[in-house]
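J.: my questions are about this predicted structure, shown below with the sequence.
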Amino acid sequence: MNRALLPEMLHSTDMTVLERQRARFKWQQEQQQQQQQQSFFGDLSGVFQLQQQHQGFQGDLGEVVTRSVKPDPSLMDNGWSDLVGFGPCGYGNYNGSGFDVNCAISSTSSCPPAVVAPATNAKVLAEGREPVLSEKLNSGVARECLKKRKVDKVQNSTKVVAEDDSRGKRIKGCPEDGESKNTQKNNKSSSTSKNSNKENSAETSKDNSKVTEVQKPDYIHVRARRGQATDSHSLAERVRREKISERMKYLQDLVPGCNKITGKAGMLDEIINYVQSLQRQVEFLSMKLAAVNPRLDFNVDNLFAKEAFPAWATNFPASGMSSDMTNRAYLQFNQVQQQQQQQLVTCCGLDVGINPPDMGLRRTISSPRSIPEMFLDSSCFTHIQPSSTWDADLQNLYNVAFEQGTIEASNLLKMEM
Amino acid sequence: MTSIYQINSATRIRFARRFLISLSRMRRASTLGPPSDEEIRTRTRRIRIVSYSSMAFAVGSSRAWSRALVLKIRNRARFRGILRNKCLASKKKRVIKRHKVSREMSKTDMLRRLVPGGAGMGICGLLEETAHYMTCLATQVKVMQSIADHYSK
């Protein structure tokens, strides 16, 4: 091991890993085209704004990134995302993202495939991997990391430490395990093939162009970050998002005046305002009723009749009722409580089936069914003497009344609003 | 799915019926002269509670918000005497807290406060409950409006 490089390693979070990585990398470096590596490392320094300007360290950085992730199958996904992002992102945003060492190591930030490429290439060649597969993996993983970078940049610092530690431990455990590498290779290829299917072609071309600059790197042993969105997760999230958007659209139809508003935030504002306004209206109306109530004689049945009848009265011409019926309805309306109750009970009695011939008609009125229950207690139930024609007409009227009653109420509400 | 959100006319009628019955049960303390302000205030509160409870009972246990509202009303009725003093005492503290917290409250949190039972739901369920609650509130307003208009004539 080259102990001379130890001081630079102090900057890194995982010193033991770096030591080993550096040693290995140095060995491989000698075997590769060093000029190419130098050039890439030069770019790297500009890209990453690394604190350590030592070229060797940068090279080691790349090596660390690639190697550290390699031997641990359990962290495959994590390492994958960690390393891969380096490639396209780094080249794409030389100074834009302000990567630091942590970013470079951790994950979603970009790692130029060049850095990884020579390092991994060396290892690949040394260990007899397939460059083609690695290239595919590289592109796929790079894209995946790009995506993740946008999401997870914030979490870099915390994750870096954890991952470095975990990586370090695992590397100590099995640094040169060929079998594990092979299994990782298979898993990585499957995961990246899946990812590559999903990613954009634009990114692919960018990755490929960068990849072709260097030798084909081998990302088989690159590990994706732990807990990152696998396919099932992203699918579930997509479903959830679609559900939420569907509900927001329905709410948009409900809330008046929300056609132009797009976006969840504005819609939520409107919804909150609308619900608050409705609650305020309830409060205001309850105040109104509190003031109004004591004056009048409050009779439930009376109210129900009055509520239904005005609609009847206004709609009699519409429904084509005879004037005779109209008069009778008005008479009933103005008369004594008992008669009103009787009439209402008559209507309801029809629903309840006191008049067997009207059973068929009764079926047409489904909604007012609940009303008869109210009048079951009343003693007027026994006073029912319906006539056949009156029953039929009343049922029609009743049906119409409730429809109209609600429409009338809604009109009133609209006028007020 | 949208059919779940729509309110049947049966619900509307049930609500109207319950509301009217409860209103008729409310008696004035003194029938002499115009009602005092204090009396109006108490009546307002009671009528408001009655309207919400009628709506909740009319909807039944089919929606989460109605279930939560029914539970709240029942608990309130049960512990009205015990909690009244406690509530009055802790109201001041609550008000102070609200001033501090309201700035950081997100919109979803505000929506959760508005819709009864919204605290223990995800966003998906919250939006669903909000839709149904909005339609119920609208019908409540319409029925109360018609009743108030009828009585003001």
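T.: Yes, it's here.

J.: what mean pLDDT does the helix or strand where residue B:124 lies have?
T.: Element membership for residue B:124 (DSSP states H and E) is helix B:123-152. Averaged over helix B:123-152, pLDDT sits at 89.

J.: what about that helix, distance to the chain center?
T.: Put simply, helix B:123-152 sits 10 Å off its chain's centre (CA atoms, centre = their mean, to the nearest Å).

J.: is that helix anywhere near chain A?
T.: Yes. Judged by CB under 8 Å from any CB of the partner chain, helix B:123-152 and chain A are in contact via B:123-124, B:127-128, B:130-131, B:133-135, B:137-138, B:140-152. C-betas here are computed from N, CA, C, even on glycine.

J.: now do stretch B:69-84
T.: No. Stretch B:69-84 lies apart from chain A when judged by CB under 8 Å from any CB; the minimum separation is 12.6 Å.

J.: what about the spatially most central residue of chain B, distance to residue B:9?
T.: Geometric centre of chain B, nearest residue: residue B:52, 3.3 Å, by CA atoms, centre = their mean. Remark: distance between residue B:52 and residue B:9 (CB to CB, to the nearest Å) = 20 Å.

J.: try residue B:104
T.: Distance of residue B:104 to residue B:9, computed by CB to CB: 43 Å.

J.: quick one, which of the two is more surrounded?
T.: Between residue B:104 and residue B:9, residue B:9 has the larger neighbour count (other CB atoms under 10 Å in any protein chain shown), namely 16 against 7.

J.: and residue B:132, how many neighbours does it have?
T.: Residue B:132 has 21 nearby residues by other CB under 10 Å.

J.: my read: it touches residue B:64, true?
T.: No. Using CB atoms under 8 Å, residue B:132 makes no contact with residue B:64, being 9.1 Å away.

J.: in chain A, what spans have low per-residue confidence?
T.: Along chain A, segments meeting pLDDT under 70 span A:1-21, A:23, A:25, A:31-230, A:293-417.

J.: now residue B:136. Nearest residue, chain neighbours left out?
T.: Closest residue in space to residue B:136, ignoring its immediate chain neighbours: residue B:55 at 5.5 Å, by CB to CB, 6 or more residues apart in numbering or on different chains.

J.: assumed that neighbour was part of a helix.
T.: Yes. Assignment of residue B:55 by DSSP: H, G, I helix; E, B strand; the rest coil places it within a helix.

J.: Provide a list of residues in contact with it.
T.: Shown in contact with residue B:55 (CB atoms under 8 Å, 6 or more residues apart in numbering or on different chains): B:15, B:66, B:69, B:136-137, B:139-140.

J.: return the member of those nearest to chain A.
T.: Comparing the contacts of residue B:55 against chain A with CB to the nearest CB places residue B:137 closest, at 4.1 Å.

J.: list the contacts for the closest one?
T.: A:275, A:278-279, A:282, B:55.

J.: now do the same contact list for residue A:288.
T.: With CB under 8 Å, 6+ apart, residue A:288 has these contacts: B:148, B:152.

J.: again, only this time at 6 Å
T.: By CB atoms under 6 Å, 6 or more residues apart in numbering or on different chains, residue A:288 lies in contact with residue B:148.

J.: related to what we said a few turns ago, between the contacts of residue B:137, which has the most around it?
T.: Neighbour counts for those peak at residue B:55, which has 26 neighbours (criterion: other CB under 10 Å).

J.: so what's the residue count around the residue nearest to residue B:53 when sequence neighbours are not counted?
T.: In this structure, residue B:53 finds its nearest non-sequential neighbour in residue B:73, 4.9 Å apart by CB to CB, 6+ apart. Neighbours of residue B:73 under the rule other CB under 10 Å: 17.

J.: what's the distance between residue A:234 and chain B?
T.: Residue A:234 is 18 Å from chain B, where distance means CB to the nearest CB, to the nearest Å.

J.: so which bits of the stretch 151-300 of chain A are right by chain B?
T.: Selection of the stretch 151-300 of chain A residues close to chain B by CB under 6 Å from any CB of the partner chain yields A:243-244, A:247, A:250-251, A:254, A:268, A:272, A:275, A:278, A:281, A:283, A:285-292, A:294, A:296, A:298, A:300.

J.: go through the helix holding residue B:124 and flag the buried ones.
T.: By neighbour count on 16 or more other CB atoms under 10 Å in any protein chain shown, the buried set for helix B:123-152 is B:123, B:125-149, B:151.

J.: same check on stretch B:11-23?
T.: B:11-20, B:22-23.

J.: okay, those in CSV with pLDDT, secondary structure and distance to residue A:236 next?
T.: CSV is the format used below for these (pLDDT from 0 to 100; DSSP: H, G, I helix; E, B strand; the rest coil; distance: CB to CB, whole Å):
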residue, pLDDT, secondary structure, distance to residue A:236
B:11, 85, helix, 34
B:12, 85, helix, 38
B:13, 86, helix, 42
B:14, 85, helix, 39
B:15, 85, helix, 39
B:16, 85, helix, 43
B:17, 85, helix, 45
B:18, 84, helix, 42
B:19, 85, helix, 43
B:20, 84, helix, 48
B:22, 83, helix, 46
B:23, 80, helix, 49
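
J.: so which of those reach chain A?
T.: Residues of the buried residues of stretch B:11-23 in contact with chain A (CB under 6 Å from any CB): B:13-14, B:17, B:20.

J.: residues contacting stretch B:39-51, please?
T.: Outside stretch B:39-51, the residues within contact range by CB under 6 Å, 6+ apart are A:283, A:286-287, A:289-291, B:19, B:22, B:140.

J.: residue of the stretch 101-250 of chain A nearest chain B, please.
T.: Closest approach of the stretch 101-250 of chain A to chain B (CB to the nearest CB) occurs at residue A:247, with a separation of 3.9 Å.

J.: and what about that residue, helix, strand or coil?
T.: Using three-state DSSP, the secondary structure recorded for residue A:247 is helix.
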